[in-house]
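Visitor: I would like the atomic coordinates for the input below:
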Amino acid sequence: MGAFTMPSLGADMDEGTLQEWLVKPGEQVRRGEAVAVVETAKSTIEVECFETGTVEELLVEPGTTVPVGTALALIAPFARAREARGEPEEPKEPEEPKEPKEPTPPRPEPRRTAPSSGTAAARAPAPAPARAHGHSEAGPLLRHLAERSGLDWAALQGSGPGGRVTRGDVERAAGGAARPPRIRATPLAKRLAAELHVDLGSLRGTGKDGAVRAADVRSAAPGGATTPEHRAARPRTAEDRASARRQAIAALMTRANRDIPHYYLSTNVDLAAAMDWLHEHNRRSPVGERLLPAALLLKAAACAAREVPELNGFWVDGGFVPGDGVHLGVAVSLRGGGLVAPALHDADTLDLRQLMAGLKDLVVRARTGRLRGSEVSAPTLTVTNLGDQGVETVYGVIYPPQVALVGFGRVVDRPCAVDGLLGVRPVVTATLSADHRATDGAVGARYLTAVDRLLQNPEQL
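Guide: Modelled structure (predicted):
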């Protein structure tokens, strides 16, 4: 049996608060499926399960703060869960009966006659004795389902092998076919709805497949949740969140400045070709497929990281560990203060439309607390773009254990000489903050040169 534990969602995370369960005991989950909402000092994140199986037990109540690594739930593999529900294993093909070898008789064998029905019955295998309903073989999950449905366990008739009671027997006995459509809601949402007298059927869920979440119930409750239990499970106030985020960021940046020997490089990139290509692309594209300059900058940063892999990875245990792909962390400022840098996975392989769509999606979910755990724990290189804030140059602090951070400023028109002629061109300042333990200035210069070259040929991005 596997334990689903409080994950580490960043180098600065020591503990997390379980805000909400998105599953309940008896539900099947698959690897990569969101099963819980966890609040860290920096953001609220949907955490995925890393095993496929059935939720056997939830160990931690919503509103509880626990250290990283604490077991939150137990997940049983499908085979064990099937046995617990009393479902039969895959049937095996019966083997063909083998004719017994007859010893060579010392005298001529007497003529045989057809066996009587009694003889045939004697040779046939005896049927396995039926067990009384097979109740002793059913697991706790099946019993729990029966009790929750208000059924008398001893009175159930089983249709499985040997009279074993199966999940189908319980559901038929409970009149499942005649029940009204089931409302999808998380366990915490159902409990809050009952306590706050909120009709779940009237709510529009924001969870997976439209499931109603606790936040949906709280929003619909008149006056909000006011009991101590509700207050414990509710997200902290905006002031509390901002303060916690600032403290977490300050602690991490202090550590990064102390432990990482930074070096800094910058270059001015002529974006005339890139902006001309972008304007022509947007002129020919529907509104929903138009691109922002940020898409070109991010794609160039990702492709350059593929060319210069020494900057794409982590400093761990005194050595550099390359990333398993270019997972580009994108710095997103949060409402009310704070910063988070979720990852665009395999950003170097995305076309510009996919990258633009992924960027929009990340920003929206980052600011609404809907990020996934794999998105905040996996970046191999972070990019910060403050151009929309009017900043021309930004030198960032590396986010450990990464070894580099790329910065882009505002695209500005500047006078510059091209082919011996003075003109005005759109220019952006690209900067690099890098870890001197992993690389040196020559490697960093190679990276910025690659970014410049890629932006001169936007049609190849």
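
Visitor: Give me the buried positions along the helix or strand hosting residue 428.
Guide: Residue 428 belongs to strand 421-435 when assigned by DSSP states H and E. Residues 425, 426, 427, 428, 429, 430, 431, 432, 433, 434, 435 are the ones in strand 421-435 that count as buried (16 or more other Cβ atoms under 10 Å). For every residue, glycine as well, the C-beta is placed using N, CA and C.

Visitor: who touches residue 268 in this structure?
Guide: Residues counted as contacts of residue 268 (Cβ atoms under 8 Å, 6 or more residues apart in numbering) are 414, 427, 428, 429, 430.

Visitor: mind redoing it with 10 Å?
Guide: 392, 393, 409, 412, 414, 416, 425, 427, 428, 429, 430, 452 (Cβ atoms under 10 Å, 6 or more residues apart in numbering).

Visitor: Report how many residues lie close to the third one.
Guide: This points to residue 409. Residues near residue 409, counting by other Cβ atoms under 10 Å, number 22.

Visitor: pLDDT score for it?
Guide: Reading off the confidence values, residue 409 has pLDDT 96.

Visitor: just the first one next, same as before
Guide: Per-residue confidence (pLDDT) for residue 392: 93.

Visitor: Contact partners for the residue lying closest to it once chain neighbours are set aside?
Guide: The shortest distance from residue 392 to any non-neighbouring residue, by Cβ to Cβ, 6 or more residues apart in numbering, is to residue 409 (4.3 Å). Residues near residue 409 by Cβ under 10 Å, 6+ apart: 266, 268, 384-387, 389-394, 427-431.

Visitor: Sort out for me which of the residues you listed are in strands.
Guide: Judged by DSSP state E, strands contain the following of the contacts of residue 409: 266, 268, 384, 385, 427, 428, 429, 430, 431.

Visitor: Reformat those as TSV; add pLDDT and distance to residue 289.
Guide: Compiled in TSV, these are given as follows (pLDDT from 0 to 100; distance: Cβ to Cβ, whole Å):
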residue	pLDDT	distance to residue 289
266	97	32
268	96	30
384	96	26
385	94	21
427	96	27
428	97	23
429	97	28
430	98	26
431	98	30
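
Visitor: Out of those, which is nearest to residue 354?
Guide: residue 385 (18.2 Å; Cβ to Cβ).

Visitor: count of residues packed around the closest one?
Guide: 23.

Visitor: ok, now which ones touch it?
Guide: Applying Cβ under 10 Å, 6+ apart to residue 385 gives the contacts 292-294, 297-298, 301, 330-331, 359, 391, 394, 406-410, 428.

Visitor: For it, list each beta-bridge partner.
Guide: residue 408 (DSSP bridges).

Visitor: Low-confidence ranges, the stretch 151-300 of the chain, go.
Guide: For the stretch 151-300 of the chain, the stretches with pLDDT under 70 are 160-162, 167, 175-182, 187, 208, 222-241.

Visitor: what do you get if the cut-off is 90, keeping everything else the same?
Guide: Applying pLDDT under 90 to the stretch 151-300 of the chain flags residues 151-253, 288.

Visitor: returning to what we had before: and the contacts of residue 268, which is closest to residue 315?
Guide: Among the contacts of residue 268, and counting by Cβ to Cβ, the member closest to residue 315 is residue 430, at 22.5 Å.

Visitor: Contact partners for that closest one?
Guide: So residue 430 contacts 265-269, 297, 300-301, 304, 383, 393-394, 406-409, 447-448, 451-452, 455 (Cβ under 10 Å, 6+ apart).
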